[in-house]
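Peer 1: All I have is the shape, not the residue letters:
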Ligand SMILES: Cc1cc2nc3c(=O)[nH]c(=O)nc-3n(C[C@H](O)[C@H](O)[C@H](O)COP(=O)(O)O)c2cc1C
């Protein structure tokens, strides 16, 4: 069974460009192995993440995310079975201000001038 889960959280520290780059590349590598796809938004010190994949894998990642001290105030917004992925092309797409872009970042979608993510609407699909 395929599941999609969306949560919001607050970064506990100051996430600079390199921290975000490491978090993203590490997550993308792990997600590829776990058949997880999704999207991570970082804006004003807060994360909104959508993860999708086989239910047991989503559960394992969800447990790990809740143990991770790099963020807190974790609030589950949605979790439900789905018939297909909306982020099938990205092990973890990433949206934040264009200034955080590092050469080599995969799946980077900069926010527009009004700080809107081009992909966030897909999370509530
Ligand atoms: C905001 C945020 C998003 C994360 N996204 C992912 C992710 O998509 N995939 C992943 O494997 N780890 C992700 N992590 C890292 C996990 O929380 C965790 O460190 C990693 O899965 C290893 O967990 P473990 O050592 O407890 O098994 C993320 C961490 C944070 C703070």
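Peer 2: Yep, it's here. Quick caveat, the model's predicted, so the values are computed rather than measured.

Peer 1: which parts of the one helix or strand residue 39 maps to are buried?
Peer 2: For residue 39, the element it lies in under DSSP states H and E is strand 37-43. Neighbour counts over strand 37-43 (16 or more other Cβ atoms under 10 Å) mark 37-42 as buried. For every residue, glycine as well, the C-beta is placed using N, CA and C.

Peer 1: export those residues to a markdown table and tack on distance to residue 51 and pLDDT?
Peer 2: Output for the buried residues of strand 37-43, formatted as a markdown table (distance: Cβ to Cβ, whole Å; pLDDT from 0 to 100):
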| residue | distance to residue 51 | pLDDT |
| --- | --- | --- |
| 37 | 8 | 98 |
| 38 | 4 | 97 |
| 39 | 9 | 96 |
| 40 | 9 | 96 |
| 41 | 12 | 96 |
| 42 | 15 | 95 |
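
Peer 1: out of those, which one sits closest to residue 21?
Peer 2: Comparing those against residue 21 with Cβ to Cβ picks out residue 42 as the nearest, at 11.4 Å.

Peer 1: picking up where we left off before, output the buried residues of strand 37-43 in CSV; the columns should cover distance to residue 84.
Peer 2: What follows is the buried residues of strand 37-43, written out as CSV (distance: Cβ to Cβ, whole Å):
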residue, distance to residue 84
37, 11
38, 14
39, 15
40, 20
41, 21
42, 26
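
Peer 1: ok, and which of the residues you listed reach the ligand?
Peer 2: Residues of the buried residues of strand 37-43 in contact with the ligand (Cβ under 6 Å from any ligand atom): residue 40.

Peer 1: so what strands line up beside the longest strand along the chain?
Peer 2: When the chain is scanned for its longest strand (criterion: DSSP state E), the result is strand 71-82. Using DSSP bridges, strand 71-82 pairs in its sheet with strand 2-11 (antiparallel).

Peer 1: Give me the residues contacting the strand it pairs with.
Peer 2: By Cβ atoms under 8 Å, 6 or more residues apart in numbering, the surrounding residues in contact with strand 2-11 are 42, 45-55, 58, 62, 65, 70-86, 123-125.
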